[in-house]
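[1] could you look at this predicted model? Sequence included:
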Amino acid sequence: MSLKKASAATTTNKTNGGSSKKKKTAAAAPPKQTNNTGLSIFVAIIAFFALGVLSPPSLHAVRHVATIQQLDVSSSSSAVDDDVKEAQSSESLASLSTNNNKLRLPPHTPCSSANLANYIHDTPVPGLHIVCIDSLLNDNAESNPALRFAFFQNAIKPKLYQRKKLTASEATNNSGGSDDVGSIDWNQVKQLMVKELKLTPEGPRQQPWAVFTPLGERIVGENDDVIISNEQQSSSFSWKNDRRSKNTIKSNAQIVQELASSGMVLVFQGGNWRWPGVREGFQRTVELSPRLDFTNENTDSTASVAAATNKRNITIETLSMTPLVVSIKGFLTDPECDHIASKAEPNMKYSGVSLKDVDKGKAASNWRTSQSAFLHSNNDPILTAIDHRTASLTRLPKAHQEILQVLRYGTSEKYDAHHDYFDPKDYKSDPNTLNLIENGKKNRFATVFWYLTTVKEGGETIFPRYRNKPLPRGYAYSDCNHGLKVKPQKGKVIIFYSLDARGQMDPLSLHGACPVIGEDDVKWAANKWIWSGPMGFTADD
């Protein structure tokens, strides 16, 4: 599938005084990988629980990019702060797009104080970095083009701003003598980022780091393939990667010009986009696109399909920084919620879990009493559109997504606190799980959790380690009295991240589903597990 550039997104910055409370349900058992024909032969990698801590289910992914954060992209001036402002020439920016009309460059986001406020955090976020890039216009026609960099390591303001400058003369001219910033060597830029941000190279349990626009559009990764000229690549501004690889193929000139055009970029050590939380109560408005390929027009004419495939604005609110939990309003419509529940209902069965080594032989009902079913999106235009919308929301390709899991909790049914990631040390006697996670190189990265009904009493999603608090002495994993609670409301979605910005397992992502209390209440929910790498459970169509 050709993944085209996502629409620009607009971010509205709000802080509601105080923390907002929200809930989320625990992960269910996953189906096994399916082939490219869409017929799934899946064996449950069932969620597990040791000492009350369980692991997540199935896999799926979508390569995304279609969102609009509300940023000031109208100005051609760039500033690192109020006391460090410097004009960036509009002529220099214009040359980026006119010198090579084959390139579609990301919109320019100057590092103004207003724009930085959407990304600078109150406390450090290890693994998330902000870089401001100025394209310098030289008065001397014989001077080489240059870029100037300012670094915000761990997404906080430094006490002193240190700027670094690179010119084309300091590197091999990789763009055939071009006189714009595209002639600067990407390897020189990469080395500078590694040094200033202390980036860790890809390793046996470390995904390669990657650079994104402020809108979550991936520009380049640590080990992406770089070619000499733009003529050797497609002119579309999109990822070109095979099913198992995240590597992009771009020319040196395109990579550097995209960086310069973006102005502000975010670097994630873990290699995947996470919505920057900023602080509890922070809000941003984002436009989601229904599909990744924006040239394909939907031919279905039914009202439900039309509703599913329309672009929509959603509001993302930070509920918790530790663990990172965000709430999304406007993601699903009521008819979409009803469609998912009604389609899954005939196949609902009592849920299983993936057992850790220490829990082999135990019944899943020790921890989990809900019912669940897995829904494939094949031949269902509504579910397919929601898959693409999920990719747009998470900024990750559909190939990273697992198959949709639908959940039903009746009165008193629950799921004890657990993690959705697979810790390799807990599966030493399970070669299938170790193969699945490549001994820890890949893992469940995020959980997108959908509430399909409103529950009057109980049924909350609970995060016991909210605000980095330790578990109380004698803590029972069925306890629903301590932590952040998210109440189920029809159409609401939350995302919580099992891996941090470095790509490491986050023990604070412990979560559970509290029992439904009302006698006539039924909690319907669904979730997508998003992996740190493409898994092949869901095809990039």
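    Happy to help now that I have it. Numbers count the residues shown, from 1 in each chain.
[2] who touches stretch 196-210?
    129, 131, 149, 151, 153, 164, 193-194, 218-223, 246, 267-272, 439-442, 502-503, 532-533 (Cβ atoms under 8 Å, 6 or more residues apart in numbering). Every C-beta, even on glycine, is put in place using the N, C-alpha and C of the backbone.
[3] for it, what is the average pLDDT?
    Average pLDDT, stretch 196-210: 96.
[4] how long is that stretch from one end to the other?
    Terminal residues of stretch 196-210 lie 15 Å apart, using Cα to Cα, to the nearest Å.
[5] and that stretch, what's buried?
    Burial within stretch 196-210, assessed by neighbour count using 16 or more other Cβ atoms under 10 Å, is assigned to 196-197, 199-200, 205-210.
[6] what's the weakest-modelled helix or strand in the chain?
    strand 61-62 (a mean of 25; mean pLDDT, DSSP states H and E).
[7] among the buried residues of stretch 196-210, which pair sits farthest apart?
    Spatial extent of the buried residues of stretch 196-210 (Cβ to Cβ) is set by the pair 196 and 205 at 24.0 Å.
[8] so where's the longest helix in the chain?
    If you go by DSSP state H, the chain has its longest helix at helix 381-394.
[9] what helices or strands is the following helix or strand past that helix leaning on?
    Downstream of helix 381-394, the first helix or strand assigned by DSSP states H and E is strand 398. Counting contacts by 3 or more Cβ pairs under 8 Å, 6 or more residues apart in numbering; DSSP states H and E, strand 398 packs against helix 381-394.
[10] send the alpha carbons of the helix it packs on over as PDB?
    Provided in PDB are the C-alpha atoms of helix 381-394 (Å, rounded to 0.1, in the frame of the first residue of the first chain):
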ATOM      1  CA  PRO A 381     -15.800  -1.500   5.500                       C
ATOM      2  CA  ILE A 382     -16.700   0.000   8.800                       C
ATOM      3  CA  LEU A 383     -14.100  -2.000  10.800                       C
ATOM      4  CA  THR A 384     -11.500  -1.400   8.000                       C
ATOM      5  CA  ALA A 385     -12.100   2.400   8.200                       C
ATOM      6  CA  ILE A 386     -11.700   2.200  12.000                       C
ATOM      7  CA  ASP A 387      -8.400   0.300  11.600                       C
ATOM      8  CA  HIS A 388      -7.100   3.100   9.400                       C
ATOM      9  CA  ARG A 389      -8.400   5.700  11.900                       C
ATOM     10  CA  THR A 390      -6.500   3.900  14.600                       C
ATOM     11  CA  ALA A 391      -3.400   4.100  12.600                       C
ATOM     12  CA  SER A 392      -3.900   7.800  12.100                       C
ATOM     13  CA  LEU A 393      -4.500   8.200  15.800                       C
ATOM     14  CA  THR A 394      -1.400   6.300  16.900                       C
END
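[11] part of a helix, is residue 182?
    Yes: Residue 182: assigned to a helix according to DSSP: H, G, I helix; E, B strand; the rest coil.
[12] these two touch, right, it and residue 253?
    Yes: between residue 182 and residue 253 there is a contact under Cβ atoms under 8 Å: 3.2 Å.
[13] look up how far residue 504 lies from residue 454.
    Noted for residue 454: a distance of 35 Å to residue 504, by Cβ to Cβ, to the nearest Å.
[14] and the contacts of stretch 196-210, which of them are in helices?
    Short answer: these in helices (DSSP H) are 193-194.
[15] just the buried ones from the contacts of stretch 196-210?
    Using 16+ other Cβ under 10 Å, the buried ones in the contacts of stretch 196-210 are 129, 131, 149, 151, 153, 193, 218-223, 246, 267-272, 440-442, 502-503, 532-533.
[16] which ones among those map onto strands?
    Judged by DSSP state E, strands contain the following of the buried ones among the contacts of stretch 196-210: 129, 131, 149, 151, 218-221, 267-268.
[17] of all the residues you listed, which comes closest to residue 123?
    Distances from residue 123 to those, taken by Cβ to Cβ, are shortest for residue 129, at 14.6 Å.
[18] which residues does that closest one contact?
    Contacts of residue 129 (Cβ under 8 Å, 6+ apart): 151-155, 197, 266-269.
[19] if we go to 7 Å?
    Shown in contact with residue 129 (Cβ atoms under 7 Å, 6 or more residues apart in numbering): 151-155, 197, 267.
[20] tell me what the closest residue to it other than its chain neighbours is bridged to.
    Closest residue to residue 129 apart from its sequence neighbours, by Cβ to Cβ, 6 or more residues apart in numbering: residue 267 at 4.3 Å. For residue 267, the beta-bridge partners under DSSP bridges are residue 129, residue 211.
[21] residue 267 against residue 133, yeah?
    No: counting by Cβ atoms under 7 Å, residue 133 is not a contact partner of residue 267; they are 11.4 Å apart.
[22] that older thread, quick one, what contacts the residue nearest to residue 129?
    129, 131, 193, 197, 209, 211.
[23] tell me where the protein has helices.
    Using DSSP H, helices in the chain cover 90-98, 113-116, 186-197, 252-262, 303-309, 334-344, 381-394, 431-436.
[24] distance to residue 338 added to the contacts of residue 129, as CSV?
    Converted to CSV, the contacts of residue 129 look like this (distance: Cβ to Cβ, whole Å):
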residue, distance to residue 338
151, 49
152, 45
153, 47
154, 43
155, 40
197, 47
267, 41
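[25] dump the residue contacts of the nearest residue to residue 269 once chain neighbours are set aside.
    What sits nearest to residue 269 in space, not counting adjacent residues and going by Cβ to Cβ, 6+ apart, is residue 127, at 3.8 Å. By Cβ under 7 Å, 6+ apart, residue 127 lies in contact with 268-270, 500-502.
[26] of those residues, closest to residue 368?
    For the contacts of residue 127, the nearest to residue 368 is residue 500 (25.7 Å; Cβ to Cβ).
[27] burial measure for that closest one, as a count.
    By the measure other Cβ atoms under 10 Å, the count of residues near residue 500 is 24.
[28] and residue 462, what does it touch?
    Here residue 462 is in contact with 23, 480, 483-485, 511-512, 514 (criterion: Cβ under 7 Å, 6+ apart).
[29] top of those by number of neighbours, please.
    Counting by other Cβ under 10 Å, top hit in the contacts of residue 462: residue 511 with 32 neighbours.
[30] give the contact list for the closest residue in space to residue 423 that isn't next to it in sequence.
    Nearest residue to residue 423 in three dimensions, chain neighbours excluded: residue 505, at 6.2 Å (Cβ to Cβ, 6+ apart). Under the criterion of Cβ under 7 Å, 6+ apart, the contact list for residue 505 reads 421, 423, 443, 498-499.
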